[in-house]
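Colleague: Quick one, fold the following:
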Amino acid sequence: MTRLCPVCSQPARPEARFCPVCGSRLDARLPSGSALQNGSYVIVRSLTRGGMGAVYLARDQRAFERLCVIKQMLEYYDAADLEEKEAARERFEEEGRTLAGLAHPGIPEIYTFFQEDGRYYLVMEYIQGETLESFVTHADSQGQHVLAQSLPMEEALRYIIEVCQILEYLHSRPRPVIHGDVKPANIIVEQQLGFSRLVDFGTAKVSATKARLAHTADAAANAATPANGSEDNYGTSGYAAPEQYRSMPQAASDVFGLAATAYHLLTDDDPTNHPFKWPRLSQLPRELSVALQRALRTDPTRRSTVRELREALEALTMPQRQLQSFTFPGGTQIRSVSALPSLCDDHWDAAKSFLYKGDLQRWLRDINRLDLVIAGDEIITSEKNHDAGLEQFLRRVDMGLTTPRILARPEKIELGKVARESALIRHTTLHNATRGYTVARLSADVPWLEVQPATLHIWKGIPTNITAHVHAEDLPFRKEQIGNVIIETDDRDPVRVPVTATVSLWREALRLLKRLISGAVPGAWSTMRTGQKAITTAIARVHKPFDNRPWLVAILWIVLSGLLLYGAYMLPTQADQVLSLFGITLAAEPLIAHLERILVAGASPPAAWIGLVVAAYSITSVIGLLIGLIRGAWKAIAR
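Modeller: Below you'll find the predicted structure:
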């Protein structure tokens, strides 16, 4: 089957990408008056064109020339790659299948899907009206700068609430549908009824199957191509949530995009110029600012749901809630719970009193938040710490509320060069860098470090000092010393404050030697003196029976000498050997030898006694000295 060139109307093969006559690209836009499906559809004009698809306004000749929108899939793929071509067709068809399965007044209706001349087309409902992009400063399709139209805040919030209802429908389906590209250009305000319609499902995603659908620049009826921001399979920069950049879109991603759209409408500050930054958010009314902040959180698990965002915005657009406002110090009033955590953080002491006196519960009962009334009553009954009770209550109000985060200043304690015999004290300051209140538990992971106090109460904006006691005498014998002050809270990982020091090993070796000597010598002397006193006491006890009895000494001396003399005569050989040990040799003449034996026998008892005493004192002194040295040295080193 051949097809006609849209420029010169000459025939070309279906697989050709350029006209063989004029050389024009065959995927160029369909000119006005072009017919499709044997004249069933007639092109009126081009609406938008992107890298993957082109969108046209057409008339349905079979339905009394009803206006409709036709989306054409362009050949953004390699035509020679059959697999890529088939995948592109399936993605395009899946977009139509997704729209066809939806039935909501805020979503355009899909009419049909067909193929002609090797190209694929979707026919959709035409929505006549202006996109929300008309109400912000933007560039039109010709690149001309267009100033924003005036849009009252109440009207802008009404449009956003209507889109919230559309997203609630999409996210609550059995197979939730994630739009993936919520932005002002994709929200059309109907001309007749003034209702918001969400268009361009080119990046839509069915979360149950995780199937990625085809992306187009603008697949919706008369939705203008954005002049600012880049588009990819993650949506539009500035409106796309962080998880979309990681190809992990979820329902919370649409909430982020809608909140960014609301920010753009209300401030005329284009988020595509500075993604993830909202410099004019503080200029909005407090409750509105807080509601958008919760919906713009980078962590999708802490982000508001679309229902929570809708309820917060509805509370701001209902005048009858004025009578049910709650007033904080300074005259600030709130009418919904969305701004409650922020105001309580700003007026912490007053908020504690409001909670524990029941003022907050009475107001919450008036606005029919009985769940929070019950939570508040339970907390004030079970939690006696008013600060902890208020923190628990605010977490119940906003489950995604930021938990207190503790920072230390300085982040590291450097002691420099230290001596192990000294004691040091250092201080550091803890700050609550986020919000609220927490209880921190402090400890150290080394025995030479002590932290006080062990428990610390920390509030936002109130720096608190802690003291680190360094017991340098307990430092291990090594050059580099590293310890940590550990700060633990219930909701975050522990914070570690490193404590470092340097020890001179040569200096420590000399100091230990000095300590060894100074500890060993006194210990040795003390132990030796103790042993000598014990020997003296024993000698005194032996002497006691002989005191004032010299005759008893004489008898004992005579008896011992007689026994020695008798033994020398009875065992002459053995006696001579014993005497030779002491260098005594008996004379050869019998009479002189006899006299020498008598003399030796008489002198032996007192000599033996004196030798025994001297030996006892000597042995005790030596053993006491050794034991004293060992004990003194051990105490010196162990200390």
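
Colleague: how many other residues sit next to the closest residue to residue 462 other than its chain neighbours?
Modeller: Nearest non-adjacent residue to residue 462, counting by C-beta to C-beta, 6 or more residues apart in numbering: residue 432, 7.5 Å away. Using the backbone N, CA and C atoms, a C-beta is placed for each residue, glycine as well. Residues contacting residue 432 under the criterion other C-beta atoms under 10 Å number 21.

Colleague: Now residue 432. Its backbone dihedrals?
Modeller: Main-chain dihedrals, residue 432, degrees, to the nearest 10: phi -90, psi 110.

Colleague: who's in contact with it?
Modeller: Residues in contact with residue 432 (C-beta atoms under 8 Å, 6 or more residues apart in numbering) are 404, 405, 406, 438, 458, 459, 460, 461, 462.

Colleague: Could you measure from the second one over to residue 436?
Modeller: When you say that, I think you mean residue 405. In this view, residue 405 and residue 436 are 10 Å apart by C-beta to C-beta, to the nearest Å.

Colleague: try the first one
Modeller: Using C-beta to C-beta, one obtains 5 Å as the distance from residue 404 to residue 436.

Colleague: how about the strands in the stretch 1-150 of the chain?
Modeller: Using DSSP state E, counting those that start in this stretch, the strands of the stretch 1-150 of the chain run over 3-4, 11-12, 35-36, 41-49, 53-60, 66-73, 110-116, 119-125, 129-131, 138-139, 145-146.

Colleague: Quick one, which of the contacts of residue 432 has the minimum pLDDT?
Modeller: In terms of pLDDT, residue 461 ranks lowest among those, with 87.

Colleague: Could you give the bridge partners of the closest residue to that residue other than its chain neighbours?
Modeller: Excluding the flanking residues, the one nearest residue 461 by C-beta to C-beta, 6+ apart is residue 432, at 7.3 Å. Assessed by DSSP bridges, residue 432 has beta-bridge partners residue 406, residue 460.

Colleague: Do you know the pLDDT at residue 432?
Modeller: Value for residue 432, per-residue pLDDT: 92.

Colleague: Quick check: longest helix in the protein by residues?
Modeller: In the chain, assigned by DSSP state H, the helix with the most residues is helix 590-638.

Colleague: Can you list the helices and strands that it packs against?
Modeller: helix 505-543, helix 550-570 (3 or more C-beta pairs under 8 Å, 6 or more residues apart in numbering; DSSP states H and E).

Colleague: and those as CSV, adding mean pLDDT and mean neighbour count?
Modeller: Output for those, formatted as CSV (pLDDT from 0 to 100; neighbours: other C-beta atoms under 10 Å):
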stretch, mean pLDDT, mean neighbour count
helix 505-543, 74, 14
helix 550-570, 78, 13
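
Colleague: Minimum distance to residue 128: which of the ones you listed has it?
Modeller: helix 505-543 (86.3 Å; C-beta to C-beta).

Colleague: Just want the angle from that closest one to helix 590-638.
Modeller: Using axes from the mean of the first three to the mean of the last three C-alpha atoms, to 10 degrees, the direction of helix 505-543 lies 140 degrees away from that of helix 590-638.

Colleague: Check the offset of helix 505-543 from the chain's centre.
Modeller: Distance, stretch centre to chain centre, for helix 505-543: 59 Å (C-alpha atoms, centre = their mean, to the nearest Å).

Colleague: pretty sure residue 140 contacts residue 147?
Modeller: No. Between residue 140 and residue 147 there is no contact under C-beta atoms under 8 Å: 11.1 Å.

Colleague: Mind checking which of those two has more residues around it?
Modeller: Neighbours per residue, other C-beta under 10 Å: of residue 140 and residue 147, the larger number sits with residue 140, 13 against 9.

Colleague: Can you read off the pLDDT for that one?
Modeller: pLDDT, residue 140: 72.

Colleague: what does the one 10 residues further on give?
Modeller: The score at residue 150 is 78. That number is its pLDDT.

Colleague: who has more neighbours, residue 405 and residue 436?
Modeller: Of the pair residue 405 and residue 436, residue 436 is the one with more neighbours under other C-beta under 10 Å, namely 23 against 18.

Colleague: tell me the pLDDT at the more buried one?
Modeller: 92.

Colleague: repeat for residue 590
Modeller: Value for residue 590, per-residue pLDDT: 74.

Colleague: What is the burial count for it?
Modeller: 9.

Colleague: One more: the one 4 residues further on?
Modeller: Residue 594 sits with 15 neighbouring residues when counted by other C-beta under 10 Å.

Colleague: Hmm, residue 70 is touching residue 122, no?
Modeller: Yes. If you go by C-beta under 8 Å, residue 70 and residue 122 touch, sitting 7.1 Å apart.

Colleague: the more surrounded of those two?
Modeller: Legend: neighbour count by other C-beta under 10 Å for residue 70 and residue 122, higher for residue 70 (26 against 23).
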